[in-house]
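# got a sequence here, can you build the structure:
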Amino acid sequence: MLVDSREVKLRTSITALPLYQSTGVPLKSFERMWGLVVSGRSTGGMYDIAEIREYSPGDDYKKILWKAFARTGRPYVREDYGEIFGRVLLATFIKVDDWLLGELPNTLASVELRALRSYLHSLIRAGISVDLAICCGPAPKVVRSVGEDYWRSLFEAFSHVSPYCSCSAQVSSLADVPTYLGRSVGEYMAVVLIASPLMLSSENPARFLDVLKAFNGRLKVLVPRFDYERFVDAEDLRKLYRALSALLERAGGSLEVMEESFTLGIPR
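Predicted coordinates for the structure are as follows:
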């Protein structure tokens, strides 16, 4: 019997990456979130970079930030700005409803993912080390140090994203991400969550406040620009923004609406 054996390579899956564009959202350093003014190194002309950590035995007492000690009651020291590049935890939680708001290719989920990749691209270009967390399933998919192998990390992170996928975890699970990555919260100069006000409104306020406290004033929420007024009364939306801002500021965080539009023009 004659056997003809042939080998054919087939792609079993294709990962599509969201389109991206430049974004100019400023990222405040840890000491500026405290309201302190400490001159630091600016990388790429966009970000105030600083590395501040808790005091440990053997540290030079001259590096202690006494203003921070007066505000918090805990001693912190500043590192050499000439050698330190910041580390950021960047995250988003995509819910199934996000795919249903808006029309393709400009659903809310699509806009959030484009905003995520755009902001990630800006951070990497500025020389900032980024840990990435994308939740579009049972739990967040985490990728450590995206900039070390940029393209591999991107495909690894977005390979778990598919149309109408939904994160079944609460935003409170974001507090566990540093542990998954083998890091402490103190290693991050900032934690940036890209989320819509509609998604945040569904969170338990007490649990969300626990997340804010866990990150010790480092959390910044970026809201992608979107036509939310089509789905929520304008006055209710303003009240929601005020409530979210008050909750974030209560724990030292901040909320900002991105100015850039991440919607795509549809040719006719």
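
# which SSE is Leu132 in?
Taking DSSP states H and E as the criterion, Leu132 maps to strand 129-135.

# give me the number of residues near Ala126?
Neighbours of Ala126 under the rule other CB atoms under 10 Å: 19. C-beta coordinates here come from the backbone N, C-alpha and C atoms, glycine included.

# quick check: the gap between it and Lys213.
Going from Ala126 to Lys213 by CB to CB, to the nearest Å gives 28 Å.

# low-scoring stretches of the chain, by residue?
Within the chain, the set of residues satisfying pLDDT under 70 comprises 1-6, 8, 10-11, 24-52, 78-85, 266-268.

# now with 50?
Along the chain, the parts satisfying pLDDT under 50 run over 1, 29-50, 81-84, 268.

# domains in it, by residue range?
With automatic domain parsing serving as the domain definition, the record reports that the chain contains domains spanning 30-78, 87-260.

# could you dump the ones you listed into CSV and include distance to Gln21?
Compiled in CSV, these are given as follows (distance: least, CB to CB, whole Å):
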stretch, distance to Gln21
domain 30-78, 15
domain 87-260, 5
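
# circling back: who does the helix or strand just after the strand holding Leu132 touch, helix- and strand-wise?
Where DSSP H and E defines the elements, the next helix or strand beyond strand 129-135 is strand 141-143. Packed against strand 141-143, as judged by 3 or more CB pairs under 8 Å, 6 or more residues apart in numbering; DSSP states H and E, are the following elements: strand 129-135, helix 150-158.

# try it again at 10 Å.
Using 3 or more CB pairs under 10 Å, 6 or more residues apart in numbering; DSSP states H and E as the contact definition, the elements that strand 141-143 packs against are strand 87-93, strand 129-135, helix 150-158, helix 177-180.

# so for Gly253, which of these sits nearest?
Comparison of those against Gly253 by CB to CB identifies strand 87-93 as nearest, at 13.1 Å.

# how about the closest one as CSV, C-alpha atoms only?
Included here for strand 87-93 are C-alpha records, laid out as CSV according to Å, rounded to 0.1, in the frame of the first residue of the first chain:
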residue,chain,number,x,y,z
ARG,A,87,6.1,51.6,36.5
VAL,A,88,2.3,51.7,35.8
LEU,A,89,-0.4,49.1,36.1
LEU,A,90,-2.9,49.7,33.2
ALA,A,91,-6.2,47.9,33.2
THR,A,92,-9.7,47.6,31.7
PHE,A,93,-12.8,45.6,32.4
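
# so what angle separates the directions of it and strand 129-135?
Compare the direction of strand 87-93 with that of strand 129-135 by axes from the mean of the first three to the mean of the last three CA atoms, to 10 degrees and you get 10 degrees.

# contacts only, for Asp210.
The contact partners of Asp210, by CB atoms under 10 Å, 6 or more residues apart in numbering, come to 172, 175, 204, 251.

# what about the first one, distance to Leu65?
Ser172 sits 30 Å away from Leu65, going by CB to CB.

# strand partners (parallel or antiparallel) of the strand holding Leu132?
In the sheet containing strand 129-135, its partner strands are strand 87-93 (parallel), strand 141-143 (antiparallel), by DSSP bridges.
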